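In: I would like the atomic coordinates for the input below:
(one chain, ligands or ions: 2)
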Amino acid sequence: MNSNATLPSRKIIATHMLIACGPSGVGKSTLLTHLLSQRPTCTLSRSTTTRAPRGNEQNGVEYDFVDIETFRSRIEAGAFAEYADVFGNYYGTPHAMIHDAISEGKDVLFDIDIQGARNLKAQYPGAWCIAIAPPSFEVLEHRLRSRGTDANDVIEKRLAKARFELSQEDLFDFVLINDKLDDACQNICRIYDVMRQRAERVTIL
Ligand code: ADP
Ligand code: 5GP
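Out: Ligands and ions are numbered 1, 2, ... in the order given. A predicted model of the protein is given here:
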């Protein structure tokens with residue numbers, strides 16, 4: 001008898017995953033937006049957060065904005081592949097976001113913090129993680145202030161966390177220094193192309 005005949009049939013789907021990690025204000029969303037515009041084979045995972053929308057942010061576009069009770073009930077329901085408390089607010093990556101992207105045949109990009117990157121890499125060791133670093137901490141402070149979206153105390157917290165995040169070298173497959181924007185935009189596209197050639201595809205059962 002063929003023992004395989006008794007195995008349940010399962011759909012195996014595979015993709016590439018690229019995690020962009022780095023301090024707030026360093027330019028992650030600027031670079032990922034550029035990559036998305038240049039490479040239609042990828043899509044951005046949209047996180048859920050309890051943080052209030054900033055500026056022109058809209059629910060369902062930059063994030064799914066929910067209240068803390070909703071977020072906690074989703075944690076209990078096992079809805080998140082990873083979640084973390086970042087600067088006093090919850091942020092999480094829904095499993096459904098990853099599955100939807102993959103079922104559309106796309107590679108998935110993530111803009112998440114260092115705790116989230118570690119958790120995702122533990123689940124999906126084939127994921128690549130790139131650190132986006134500023135040319136200096138003075139430049140980072142300038143970018144955060146000129147973005148004009150955060151109060152002074154929030155900026156101080158973000159700067160303090162930045163040094164810790166960039167010291168986590170064991171996690172990073174690449175470090176991309178975002179100095180001249182044109183160069184950094186070209187480099188993130190190159191890294192993505194290399195990943196598609198070399199990285200093992202993440203398999204989801
Ligand atoms: P993050 O997503 O990492 O928080 P953003 O992409 O929002 O950062 O960038 C923070 C600010 O820095 C924005 O105002 C953006 O336009 C600006 N910025 C990004 N990259 C550069 C760069 N290479 N040179 C100058 N300004 C930049
Ligand atoms: P911001 O409030 O500036 O949008 O994001 C603050 C930080 O939260 C950034 O470092 C961003 O990468 C991180 N972040 C956004 N979404 C997620 C997520 O789903 N999980 C984790 N762990 N971090 C996230």
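In: Can you list the buried residues in the helix or strand harbouring Val175?
Out: Secondary structure here is read from DSSP states H and E; on that basis Val175 sits in strand 174-177. With burial defined by 16 or more other CB atoms under 10 Å, the residues of strand 174-177 counted as buried are 174, 176. (C-beta placed from N, C-alpha, C; glycine too.)
In: repeat for stretch 117-125
Out: For stretch 117-125, the buried set under the neighbour-count rule, 16+ other CB under 10 Å, comprises 117-121, 124.
In: Which of those fall in helices?
Out: The members of these that map onto helices under DSSP state H are 117-121.
In: what's the closest of those to ligand 1?
Out: If you rank these by distance to ligand 1 using CB to the nearest ligand atom, Ala117 comes first, at 13.6 Å.
In: Double-check that closest one against Leu171; I have them as touching.
Out: Yes - between Ala117 and Leu171 there is a contact under CB atoms under 8 Å: 6.0 Å.
In: what do these two both touch?
Out: Contact with both Ala117 and Leu171 is made by residues 21, 129, according to CB atoms under 8 Å, 6 or more residues apart in numbering.
In: Tell me which other helices or strands the strand holding Val175 touches.
Out: Contacts of strand 174-177 with other secondary structure elements, assessed using 3 or more CB pairs under 8 Å, 6 or more residues apart in numbering; DSSP states H and E, are made with strand 128-133, helix 181-198.
In: which SSE is Thr30 in?
Out: Secondary structure (DSSP H and E) places Thr30 in helix 28-38.
In: could you say what helices and strands that helix packs with?
Out: Packing contacts for helix 28-38, counted by 3+ CB pairs under 8 Å, 6+ apart, involve strand 17-21, strand 42-44, strand 107-111, helix 181-198.
In: tell me which residues of stretch 160-168 are tucked away?
Out: Neighbour counts over stretch 160-168 (16+ other CB under 10 Å) mark 161-162, 165-166 as buried.
In: ok, now which ones touch the residue in the chain that ligand 2 sits nearest to?
Out: Scanning the chain for the residue nearest ligand 2 gives Gly116, at 2.4 Å (criterion: CB to the nearest ligand atom). Contact criterion CB under 8 Å, 6+ apart gives 19, 82-84, 91, 93, 110 as the residues in contact with Gly116.
In: Farthest-apart pair in these, please.
Out: Of all pairs drawn from these, the one with the longest distance (CB to CB) is Ile19 and Tyr83, at 14.7 Å.
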